[in-house]
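In: Sequence first, then the predicted structure, then my questions.
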Amino acid sequence: MLFLGPAIALTFLFFVIPVLIDIAVSFTDLDRTLRIGKFTTEQYQKVFEGDRRLPQVVGLTFVYAFGTLAIFNVTFGLVLALTTTSLNKVSGGFFRGVWLLPRMSPSVLYILLWLWVINPSDVGLLNQVLMPLLGLAKPLDPMTSAPVALIIIANGFIGASLGMIIFTAAIRGIPEHLFYAAEVDGAGTLAKIRFITLPALRWPISFVTIYQTLSLLVSFEYILLLTKGGPFYDTTVFALYVYRRAFTSGQYGYGAALALFLIVIGAAAALLAWRFFDLQRLLQHPRIEVH
């Protein structure tokens, strides 16, 4: 208890109490006046019956989270780790450092660079490259033509760096004699990745998948800065929708009800992933004692 006490206290203070407050507020009509007129279930009736934008927002959140996770946070992060660990330490460290720059940079600076890249004129970096290359008559405007792909790519570059670091550490921890033995048996690069590296990365891949899924469900910082949830509601994910309802529209009671559903969705996703990846095995005692 001496060691767990501070962690338990912080969890209770910054998670349990806010959830309880959120539940209480969701049963009120709290608005900009910060006055509670009555306790009611109207907010939940609106969630299930009255909000026509909610299905679109939930569907977009699923596409955004799955696309960013599958393409970048796990797959591309794994590719970066495999690529950089195959180089010498200096070159591999340099390229990993380059991919960490977006995560280390201020969010506003990172998004300013993206706004320059996708600028819908001939001064935008994307149009400077593609217009002469493809012979385009008009500049491209990804903000209006492919907004969902834009937020997936912009967030994916950030998310891939975390997976890259975790996967790199796990690859460095694989005993080198396994690779030497595989080479003696005639295994090529792809065979070593398939039969040695990937099995050793099972738990890191599981952790990154669960952690990044929960992170994507509740984060909207880069979307708010890049597209502001637009055009219209085309890039408004669930977390951003909650933020808009509560702090832009002043519907604190309704925002609290939506936030409670987001908590439930996150908890359900974590439990399903825990079951799917069988993470309970990771916590079991070893079958042999190592002294």
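Out: That came through fine.
In: All the helices of the stretch 51-200 of the chain, residue numbers only.
Out: Assigned by DSSP state H, counting those that start in this stretch, the stretch 51-200 of the chain shows helices spanning 54-67, 77-85, 89-104, 107-117, 125-134, 142-145, 147-172, 176-184, 189-192, 198-200.
In: can you pull the alpha-carbon coordinates of the fourth one into CSV?
Out: Think helix 107-117. Extracted in CSV, the C-alpha atoms of helix 107-117 (Å, rounded to 0.1, in the frame of the first residue of the first chain):
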residue,chain,number,x,y,z
SER,A,107,1.1,21.1,-32.1
VAL,A,108,0.6,24.5,-33.7
LEU,A,109,3.9,24.4,-35.5
TYR,A,110,3.2,20.9,-36.8
ILE,A,111,-0.2,21.9,-38.2
LEU,A,112,1.2,25.1,-39.7
LEU,A,113,3.5,22.9,-41.8
TRP,A,114,0.6,20.8,-42.8
LEU,A,115,-1.4,23.9,-43.8
TRP,A,116,1.5,24.9,-46.0
VAL,A,117,1.7,21.4,-47.6
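In: starting at the chain centroid, how far to it?
Out: 18 Å (CA atoms, centre = their mean, to the nearest Å).
In: would you turn the helices of the stretch 51-200 of the chain into JSON lines with mean neighbour count?
Out: C-beta here means a position set from N, CA and C on the backbone, and glycine is covered the same way. Shown next, in JSON lines, are these (neighbours: other CB atoms under 10 Å):
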{"stretch": "helix 54-67", "mean neighbour count": "16"}
{"stretch": "helix 77-85", "mean neighbour count": "21"}
{"stretch": "helix 89-104", "mean neighbour count": "13"}
{"stretch": "helix 107-117", "mean neighbour count": "14"}
{"stretch": "helix 125-134", "mean neighbour count": "13"}
{"stretch": "helix 142-145", "mean neighbour count": "15"}
{"stretch": "helix 147-172", "mean neighbour count": "20"}
{"stretch": "helix 176-184", "mean neighbour count": "11"}
{"stretch": "helix 189-192", "mean neighbour count": "12"}
{"stretch": "helix 198-200", "mean neighbour count": "12"}
